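K.L.:
when you get a sec, could you give me coordinates for this:
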Amino acid sequence: MTYEEQVLEFIKQTIKNTEWENKVFLVGGAVRDQVMGKPPKDLDFIVDGDISSGIDFSIWLSKKWNIFKDGSNPVIFPDYGTAKLLYDNIDIEFVSPRKEKDKRKKT
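P.N.:
Residues are numbered from 1 along each chain as shown. Alright, predicted model coming up:
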């Protein structure tokens with residue numbers, strides 16, 4: 001088991017029997033890697049809820065793991081409802097569900 005897979009398992013165990021269980025889903029390249037039978041290289045999650053759910057979860061998780069540092073871990077991107085948590089040299093990103101609009105001018 002790779003270290004990223006161990007961290008993924010740690011997240012699963014941390015949220016078990018909490019308000020976050022069944023609301024945090026692995027997405028992106030890690031899912032592709034798993035489907036292809038490869039170990040994940042990074043961990044990205046979508047957190048079911050409102051626009052701040054990804055941020056709220058990253059703060060909760062960092063406090064639960066005792067790695068919270070106000071202003072730096074997690075790094076918060078409020079305009080996008082995202083957060084990046086650094087855990088033992090692994091970037092873990094969290095996002096809330098959102099609609100995105102194509103801002104390109106249609107011709």
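K.L.:
give me the contacts around the lowest-mean-pLDDT helix or strand in the chain.
P.N.:
Ranked by mean pLDDT, DSSP states H and E, the weakest helix or strand in the chain is helix 29-35, scoring a mean of 86. Where contact means Cβ atoms under 8 Å, 6 or more residues apart in numbering, the residues beyond helix 29-35 that reach it are 4, 8, 26, 39-44. Every C-beta, even on glycine, is put in place using the N, C-alpha and C of the backbone.
K.L.:
which pair in the residues you listed spans the largest distance?
P.N.:
Taking Cβ to Cβ as the measure, the contacts of helix 29-35 span a maximum distance of 14.8 Å, between Pro39 and Asp44.
K.L.:
neighbour-wise, which of those two wins?
P.N.:
More neighbours sit around Asp44 than around the other of Pro39 and Asp44, counting by other Cβ atoms under 10 Å; the figures are 19 against 13.
K.L.:
quick one: mean pLDDT for the helix or strand that the least confident helix or strand of the chain is followed by?
P.N.:
Past helix 29-35, heading to the C-terminal end, the next element that is a helix or strand (DSSP states H and E) is strand 43-47. pLDDT averaged over strand 43-47 equals 94, rounded to a whole number.
K.L.:
so what strands line up beside strand 43-47?
P.N.:
When sheet partners are counted by DSSP bridges, strand 43-47 sits next to strand 24-27 (antiparallel), strand 90-95 (parallel).
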